[in-house]
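# Have a look at this prediction, sequence included:
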Amino acid sequence: CLTVGGVCVCCLTVAVQPANAAASVPVDGECTILIQVVRGTNLPQRKGHLLSRAPSRSGDDDQPRRRRDRVMSADSTDSDSDLGVSPFVQVNFMEHERRTVTAHGIDPHWHDSITIPFEPPGGDFSEKNLRLVAETVYFNVFDELTVPLPTDDRDPTEQRFKRERRWLGGFTLPFSTIYENVKVEGTFELRKPAISLSHETQASSRKVPSGHEASTRTTLLVYATIEPPLSTASDRSTDQQLASKEAPELVRYAGAWLESTRALPNCKLRTIQPLAINLSGKSVCVVRYIRPQLPPPGLDSVESVVRFVSLVPFLPDSVTFVGRSNVWSTSKQLLEMRAGDWQEHAILLCNYLLFLNKTAYVVLGYGVDGECAFTLLQDNNQLTMINPVTGESWLQNDTMCPMRRIGMIFNDQNIWANVSKREEAWRVKYKLHSPKHWRPFFDVRFPHRQLSSVQEEALAYTETAEAYVKRLEVDIDRAVTDAIRGWRKRFVPRWNRNCNRILKQMLLRCEEWATLRDIDPISQQSHSELGRIMTAYELNGFPLNVTYTDVQEIVDRVKATSIHDNNDPAAEFSVAVHVVPYVNRVCSVWLFVASLIPK
């Protein structure tokens with residue numbers, strides 16, 4: 001998960017800092033992104049069927065070619081070939097690709113540094129231009145294998161090998177996150193494929209506190225910064241300097257309350273914001289953004305609304321609103337633009353949960369992504385912290401929760417600033433009426449007043465046309481197959497149409513799995529058909545799931561997995577696309593890409 005710090009899984013400390021470092025201009029335009037990959041935890045390990053591939057001599061014409069009953073890890077010997085995984089981390093940014101050394105085991109330590117050159121559009125290092133950079137840094141973890149090749153009749157004593165890789169999972173880090181926070185250091189959770197044909201994740205063997213369950217989450221501890229530091233002067237205005245929708249006495253009180261709260265010893269670096277800036281540039285009390293709002297048709301459960309909100313594309317304010325940041329849109333504006341920042345996602349999810357008669361709040365704070373907003377769900381005396389951008393959730397006592405510095409909580413009735421020493425999500429006491437832990441905005445000195453909501457009660461939903469979905473599937477399929485053809489310049493790729501059909505069937509259950517997580521994404525029929533394919537081919541593949549923004553982003557995701565990268569001229573490929581439409585052209589794209597090597 002997106003946790004912060006460098007201590008351990010169970011006690012990480014905040015390392016992300018507000019962007020206040022001194023700026024500098026690169027000498028001669030030279031600038032790099034410096035990344036240190038420290039360690040991983042609980043990586044997927046190879047399944048048993050992957051260990052049963054063996055080559056025969058090239059002269060054995062009377063039986064199919066088989067691989068030896070083992071697959072050796074990279075740089076392995078007979079003594080270490082039973083290692084569960086030999087991972088390395090590959091980082092992609094723009095057109096650049098770098099990787100770490102290969103480590104061994106499910107809890108690897110790399111301590112490896114990577115530098116990637118960075119040049120903004122037009123070589124312009126001005127703050128305004130840097131805030132327009134929408135590129136993403138891709139982190140992907142692979143298992144590196146050294147596979148025995150068939151012996152050559154000309155020299156039967158010579159054993160030859162080739163290297164292969166298997167994608168285990170990855171995560172993305174927007175350039176804007178590194179730029180705006182100066183440095184990012186934290187433990188990221190890898191997003192692993194719903195279906196893996198070659199690897200599986202076991203519950204972690206690491207010790208966990210009493211009352212906690214062993215986790216199956218896979219994480220990567222990473223540090224990233226930009227050298228030299230670039231201009232990050234904040235463009236935020238104070239609330240007193242802005243025009244406001246609020247009464248003058250509320251604006252004055254908000255300024256005084258914020259100043260006195262931040263003067264408290266525990267609150268100086270916390271995100272505490274009683275007033276937000278709307279699209280008109282006016283300050284608005286944040287409680288006005290909360291009200292019950294009807295979810296799209298058919299979404300009547302907590303799981304379904306969480307899934308929908310996570311599929312609304314995420315885009316930083318600095319990119320959406322050129323030259324501005326920390327602008328709060330309403331739910332109507334979010335769905336019209338089909339893009340929003342942390343606050344918009346958290347507010348929309350909170351409002352949906354309120355409509356479902358749940359108790360919910362919006363939480364502002366710091367995580368590995370810098371400033372972020374989560375949704376807090378209280379259901380049957382159980383508290384759950386939800387990342388509205390990814391859909392991931394953590395119970396109150398889960399030490400893997402990425403919210404590392406809670407600043408404040410709010411709903412439609414009040415705002416509570418966290419004034420206690422505790423700030424990590426699993427350590428905070430959620431007794432909002434306790435003055436030892438929380439400072440309310442509305443109290444006896446400034447009583448609560450009924451503020452009309454800026455949100456519309458009924459949101460407009462438009463059904464996504466079937467023709468749009470079909471065209472999108474065709475466009476994605478064509479773009480990915482054309483890209484694989486271009487990447488494999490040495491060999492003309494062959495396409496296995498029969499496998500396409502099987503993979504397409506496998507994708508049909510993936511969206512339900514992503515929403516509920518209580519089903520096997522592979523049906524029994526697909527299991528059987530896949531088994532028949534694997535008797536004739538070595539099959540390497542996985543499904544990818546992305547929120548649809550544009551086709552090129554999907555192509556970039558596929559390339560970052562290196563599924564196309566093998567030197568076997570007989571390799572065949574299979575691509576299947578399944579688009580699940582929601583309202584307002586919000587789409588979940590499932591893409592299964594596989595390589596097949598004849599046995």
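Right, received. Where do you want to start?

# Tell me which stretches of the stretch 1-150 of the chain form strands.
3-4, 32-41, 45-46, 72-73, 87-93, 96-99, 109-117, 136-148 (DSSP state E, counting those that start in this stretch).

# ditto for the stretch 401-550 of the chain
Assigned by DSSP E, counting those that start in this stretch, the strands in the stretch 401-550 of the chain fall at 405-410, 415-418, 438-440, 494-495, 537-547.

# Need the residues that contact the shortest one.
Translated: strand 494-495. 481, 570, 571, 572, 573, 574, 575 (Cβ atoms under 8 Å, 6 or more residues apart in numbering). Every residue, glycine included, has its C-beta placed from N, CA and C.

# okay, how far is it across stretch 278-297, tip to tip?
28 Å (Cα to Cα, to the nearest Å).

# contacting residues for the residue lying closest to residue 200 once chain neighbours are set aside?
Using Cβ to Cβ, 6 or more residues apart in numbering and skipping residues adjacent in sequence, the residue nearest residue 200 is residue 47, 5.4 Å away. Residue 47 sits next to 196, 197, 198, 199, 200 when contact means Cβ under 8 Å, 6+ apart.

# winner for burial among the strands of the stretch 401-550 of the chain?
strand 415-418 (a mean of 25; mean count of other Cβ atoms under 10 Å).

# beta partners of the residue positioned nearest the centre of the chain?
With distances taken as Cα atoms, centre = their mean, the chain has residue 171 as the residue nearest its mean C-alpha position (5.1 Å). Note on residue 171: beta-bridge partners by DSSP bridges are residue 139.

# Do I have it right that it meets residue 187?
No - contact between residue 171 and residue 187 fails when scored by Cβ atoms under 8 Å: they sit 10.7 Å apart.

# overlap in contacts of these two?
With Cβ under 8 Å, 6+ apart, residue 171 and residue 187 have common neighbours residue 220.

# and which of the contacts of residue 47 is nearest to residue 541?
For those, the residue nearest residue 541 by Cβ to Cβ is residue 197; the value is 6.1 Å.

# and the closest residue to the closest one other than its chain neighbours, bridged to which residues?
Nearest residue to residue 197, sequence neighbours excluded (Cβ to Cβ, 6+ apart): residue 539, at 5.6 Å. Beta bridges link residue 539 to residue 596 when assigned by DSSP bridges.

# per-residue confidence for residue 539?
Per-residue pLDDT puts residue 539 at 89.

# what about it, distance to residue 569?
Distance, residue 539 to residue 569, by Cβ to Cβ, to the nearest Å: 18 Å.

# now swap in residue 456 and tell me
From residue 456 to residue 569 the distance is 59 Å (Cβ to Cβ).

# Quick check: beta-bridge partners of residue 439?
Applying DSSP bridges, one finds that residue 439 bridges with residue 417.

# show me what contacts it?
261, 264, 416, 417, 419.

# where in the chain is pLDDT low?
Residue ranges of the chain with pLDDT under 70: 1-29, 48-83, 149-157, 203-215, 232-242, 318-325.

# all helices for the stretch 51-200 of the chain, in order.
127-130, 175-181 (DSSP state H, counting those that start in this stretch).

# OK, contacts around residue 403?
363, 365, 367, 372, 374, 385, 424, 425.

# Pick out the most distant pair among those residues.
372 and 424 (13.6 Å).

# Could you check which of these two is surrounded by more residues?
The neighbour comparison of residue 372 against residue 424 (other Cβ atoms under 10 Å) goes to residue 372, with 27 against 21.

# do you know how far that one is from residue 343?
Residue 372 is 9 Å from residue 343, by Cβ to Cβ.

# What strand or helix carries residue 371?
Using DSSP states H and E, residue 371 maps to strand 370-379.

# tell me how far that strand is from the chain's mean position?
How far strand 370-379 lies from its chain's middle: 16 Å, per Cα atoms, centre = their mean, to the nearest Å.

# Pairing partners for whichever helix or strand comes after it, with directions?
Reading on from strand 370-379 to the C-terminus, the next helix or strand found by DSSP H and E is strand 382-386. Pairing partners of strand 382-386, with direction, according to DSSP bridges: strand 370-379 (antiparallel), strand 393-395 (antiparallel).

# quick check, distance from the host helix or strand of residue 345 to the centre of its chain.
Following DSSP H and E, one finds residue 345 within helix 342-355. Centroid separation between helix 342-355 and its chain, computed with Cα atoms, centre = their mean, is 19 Å.

# how about whichever helix or strand comes after that helix: buried residues?
Using DSSP H and E, the helix or strand that follows helix 342-355 towards the C-terminus is strand 359-367. Neighbour-count burial for strand 359-367, counted by 16 or more other Cβ atoms under 10 Å, picks out 360, 361, 362, 363, 364, 365, 366, 367.

# what do you get for stretch 280-299?
283-293, 295-296, 299.

# Mind picking the two most distant members of those?
Across those (Cβ to Cβ), the longest gap, 32.3 Å, separates 283 and 299.

# For the contacts of residue 439, give me TSV that also has distance to residue 547.
Below are the contacts of residue 439 laid out as TSV (distance: Cβ to Cβ, whole Å):
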residue	distance to residue 547
261	36
264	39
416	32
417	33
419	37
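
# State the pair within these that is farthest apart.
Counting by Cβ to Cβ, the most remote pair of the contacts of residue 439 is 264 and 416, 13.5 Å apart.

# quick one: contacts for residue 300?
Residue 300 neighbours (Cβ under 8 Å, 6+ apart): residue 356.

# Quickly note the distance from it to residue 460.
Computed as Cβ to Cβ, the residue 300 to residue 460 distance reads 19 Å.

# tell me the contacts of residue 451?
285, 287, 288 are the contacts of residue 451 under Cβ under 8 Å, 6+ apart.

# Return every residue with contacts to both of residue 372 and residue 343.
The contact lists of residue 372 and residue 343 share residue 364, where a contact means Cβ under 8 Å, 6+ apart.

# Sounds good, over and out.
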